[in-house]
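Asker: coordinates only, sequence not included:
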């Protein structure tokens, strides 16, 4: 079985509902995952936008959410999650804060990549790492990974 990530709010490749964006309530979408490897010790969730600032000429990948040490027994996150699964730690997004920051593309339709990783280790207290710091800590520990992509364009 392969690690799987889905959302009842949008299909893979589909549009992320406005309520999960800066034009709505800016609450995280509900996420569900399955087929976590039995040997996994923790999960990592990274949500980013590889199309920033303009999909026609992307210059950076904007990070929207960073979670790590998610317990492998967890099966997902509720919409607008306020209480993360016990033991879950947060990194910083590109707004220099923890927590979810929804899609808010300045121009065009952007892709939002929800990446889930199963690791063979818990990473422990890394403080509030950036995506790059977290990816460095994950190196050599990834057992499985999957991705759910949603799109959004302002005013669409």
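Answerer: Received it, and whenever you're ready, just let me know what you need. Just so it is clear, the model here is predicted, and its values are computed rather than measured.

Asker: in the host helix or strand of residue 144, what counts as buried?
Answerer: Assessed by DSSP states H and E, residue 144 sits inside strand 142-152. Buried residues in strand 142-152, counting neighbours by 16 or more other Cβ atoms under 10 Å, are found at 143-144, 146, 148-152. For glycine as for every other residue, the C-beta is placed from the backbone atoms N, C-alpha and C.

Asker: So which of those residues is the closest to residue 106?
Answerer: residue 152 (11.8 Å; Cβ to Cβ).

Asker: Show the contacting residues for the closest one.
Answerer: Counting by Cβ atoms under 8 Å, 6 or more residues apart in numbering, residue 152 touches 15-16, 21, 103, 105, 109-110, 112.

Asker: What backbone torsions are found at residue 66?
Answerer: phi -140, psi 120 (degrees, to the nearest 10).

Asker: Assess the claim that it and residue 131 are in contact.
Answerer: Yes - Residue 66 is within contact range of residue 131, at 5.6 Å (criterion: Cβ atoms under 8 Å).
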